[in-house]
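Novice: here is the input, now give the coordinates:
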Amino acid sequence: MSSVASGETPAVRLYAAGSLRAAMSELALAFTESGGPAVTTTFGASGLLRERIERGEAVDVFASADLGHPQALAMTGRARPPIIFARNRLCALVAPGVDATPETLLDRMLDPKVRLGTSTPKADPGGDYAWRLFERAGSVRPGAYAALDAKALKLTGGPDSPQPPANRSVYAALLADRKADIFLTYCTNAIVAIREVEGARMLAIGEPLGVAADYGLTTLKDAPPAATRFVEFVLSAQGQDILAHHGFTPVGQRR
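Specialist: Residues are numbered from 1 along each chain as shown. Predicted coordinates:
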């Protein structure tokens, strides 16, 4: 990183979940345009980013797709207790030609011929949320958890997962290449993917399988005051409007 000129405020270093790429990129630009310093961004699976922070990488703000990873940093003294700054939900991204409805989704996911894609648990909260859905499926249909656990294809979010293509949704690419017929991902990711794949659909997942996601935001120990200003901007009306524009539920609204 280049040196900062005398009197110039250093850039805020932000690590954020991959599902926040578009929203946080816009938030960072708006923060700078409002008078704040520049924000440098690094995106990836929240669990993998947490591990990088634990290994000593220099970060000021961490925006995770869950509360668990920032809470783990807070428990070690590396970060302040996280706050919820946005909410999301798990949706089903359905490839063109796949016959599935909200009512038949569980049957289709259990169908041996249907390739079911997920992110990677522990490394990426998106995978953890998918397995939470599997647990709920098991509570309403005996044997469903074991079947879904056995067949799910962990296609994203892991340390060895392929990098997403430039300027394209990784979920759209996976559907277009038919690596998965149904992919369980955040609704915000699914919204982007269906714009890129003709005939792809997004299914909302209601009760009893529905899973909500609380996104956590924290500042790291010894982060500069500008990091707190950025967090305050994210929580401001302007920041929450930007998140809502990208499909997230603002923290002041019900899910």
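Novice: make it CA atoms for all contacts and neighbour counts henceforth
Specialist: Will do.
Novice: so who does residue 179 touch?
Specialist: 115, 117 (Cα atoms under 8 Å, 6 or more residues apart in numbering).
Novice: could you check how far it is from residue 116?
Specialist: 9 Å (Cα to Cα, to the nearest Å).
Novice: same check, this time on residue 160
Specialist: Residue 160 sits 19 Å away from residue 116 when distances are taken as Cα to Cα.
Novice: do the same with residue 224
Specialist: Taken as Cα to Cα, the span from residue 224 to residue 116 is 43 Å.
Novice: okay, the two: which has more neighbours?
Specialist: Just comparing residue 224 and residue 116: by other Cα atoms under 10 Å the higher neighbour count belongs to residue 116, 25 against 17.
Novice: what pLDDT does that one get?
Specialist: The model reports residue 116 with a pLDDT of 98.
Novice: partner residues bridging it?
Specialist: Beta-bridge partners for residue 116, by DSSP bridges, are residue 182.
Novice: any idea how far it lies from residue 174?
Specialist: Taken as Cα to Cα, the span from residue 116 to residue 174 is 11 Å.
Novice: now do the shared contacts for those two.
Specialist: residue 180.
Novice: partners of the lengthiest strand in the chain, with directions?
Specialist: Assignment by DSSP state E gives strand 83-94 as the longest strand of the chain. Strand 83-94 pairs in its sheet with strand 182-186 (antiparallel), strand 201-204 (antiparallel), strand 212-219 (antiparallel), strand 249-250 (antiparallel), by DSSP bridges.
Novice: any idea which of those scores lowest on pLDDT?
Specialist: strand 249-250 (a mean of 94).
Novice: quick one: distance of that strand to the chain centre.
Specialist: 14 Å (Cα atoms, centre = their mean, to the nearest Å).
Novice: and what of stretch 36-54?
Specialist: Computed by Cα atoms, centre = their mean, the chain-centroid distance of stretch 36-54 equals 13 Å.
Novice: what of stretch 96-115?
Specialist: 23 Å.
Novice: just the buried residues of the longest strand of the chain, please?
Specialist: For strand 83-94, burial by neighbour count (16 or more other Cα atoms under 10 Å) applies to 83, 84, 85, 86, 87, 88, 89, 90, 91, 92, 93, 94.
Novice: got a markdown table for those, with pLDDT too?
Specialist: What follows is these, written out as a markdown table (pLDDT from 0 to 100):
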| residue | pLDDT |
| --- | --- |
| 83 | 97 |
| 84 | 97 |
| 85 | 98 |
| 86 | 97 |
| 87 | 97 |
| 88 | 97 |
| 89 | 97 |
| 90 | 98 |
| 91 | 98 |
| 92 | 98 |
| 93 | 98 |
| 94 | 98 |
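Novice: which pair in those has the greatest spatial separation?
Specialist: 83 and 94 (32.4 Å; Cα to Cα).
Novice: what sits against residue 237?
Specialist: If you count contacts by Cα under 8 Å, 6+ apart, then residue 237 has nothing around it.
Novice: okay, it and residue 65: tell me how far apart.
Specialist: With Cα to Cα as the criterion, residue 237 and residue 65 are 20 Å apart.
Novice: what's the answer for residue 85, then?
Specialist: Applying Cα to Cα to residue 85 and residue 65 gives a distance of 10 Å.
Novice: okay, and the common contacts of the two?
Specialist: Common neighbours of residue 85 and residue 65 (Cα under 8 Å, 6+ apart) are 214, 215, 216.
Novice: look at residue 108 and report its pLDDT.
Specialist: 98.
Novice: is it located within a strand, as I assumed?
Specialist: No: read with DSSP: H, G, I helix; E, B strand; the rest coil, residue 108 is helix and lies in no strand.
Novice: quick one on the thing from earlier: and the strands paired with strand 83-94: which comes nearest residue 31?
Specialist: Comparing the strands paired with strand 83-94 by Cα to Cα, strand 212-219 comes nearest, at 15.9 Å.
Novice: so which bits of the helix or strand containing residue 41 are buried?
Specialist: In this assignment (DSSP states H and E), residue 41 forms part of strand 39-44. By neighbour count on 16+ other Cα under 10 Å, the buried set for strand 39-44 is 39, 41, 42, 43, 44.
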